[in-house]
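> Sequence and predicted structure, then a few things I'm wondering about:
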Amino acid sequence: MKNLFWVLCVVASVSFLSWNNAYAAAEVKQVCKDKTDKAGKPVMDKKTGKPTQECKQVKMHKKLEVTK
């Protein structure tokens, strides 16, 4: 009886973890923005002459549409 209980607990936890991971994944997008100094001017790269950029990884969440 105890073995059956433990088997059911393991099956339930594995199924919950797989269900949770399927809905927890979000799309990841890379967003880049020019660096600015204290005066608000863009910081230029000395070698290329182009503005230096800061890039971040951002999660994109889907919005739910509500209908009446």
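On my side now, so go ahead.

> Residue nearest the middle of the chain, spatially speaking?
For the chain, the residue whose C-alpha lies nearest the mean C-alpha position (CA atoms, centre = their mean) is Lys59; its distance is 3.3 Å.

> Which element, helix or strand, includes that one?
Assigned by DSSP states H and E, Lys59 belongs to strand 53-60.

> Sketch out the strands for this structure, chain order is fine.
Taking DSSP state E, the strands of the chain run over residues 27-34, 53-60.

> TSV please, covering those strands and showing mean pLDDT.
Formatted as TSV, the entries for those read as follows, by pLDDT from 0 to 100:
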stretch	mean pLDDT
strand 27-34	91
strand 53-60	90
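
> now those as CSV including distance to Val11?
Yep, even glycine has a C-beta here, placed from its N, CA and C like the rest. Below are the strands of the chain laid out as CSV (distance: least, CB to CB, whole Å):
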stretch, distance to Val11
strand 27-34, 31
strand 53-60, 31
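
> mind checking which of the ones you listed is nearest Met44?
Each of the strands of the chain has some distance to Met44 by CB to CB; the shortest is strand 27-34, at 9.7 Å.

> Determine the set of other helices and strands touching the closest one.
Helices and strands touching strand 27-34, as assessed by 3 or more CB pairs under 8 Å, 6 or more residues apart in numbering; DSSP states H and E, comprise strand 53-60.

> Measure how the strand it packs on sits relative to strand 27-34, angle-wise.
Using axes from the mean of the first three to the mean of the last three CA atoms, to 10 degrees, the direction of strand 53-60 lies 150 degrees away from that of strand 27-34.

> Parallel or antiparallel, list what pairs with strand 53-60.
Based on DSSP bridges, the pairing partners of strand 53-60 within the sheet are strand 27-34 (antiparallel).
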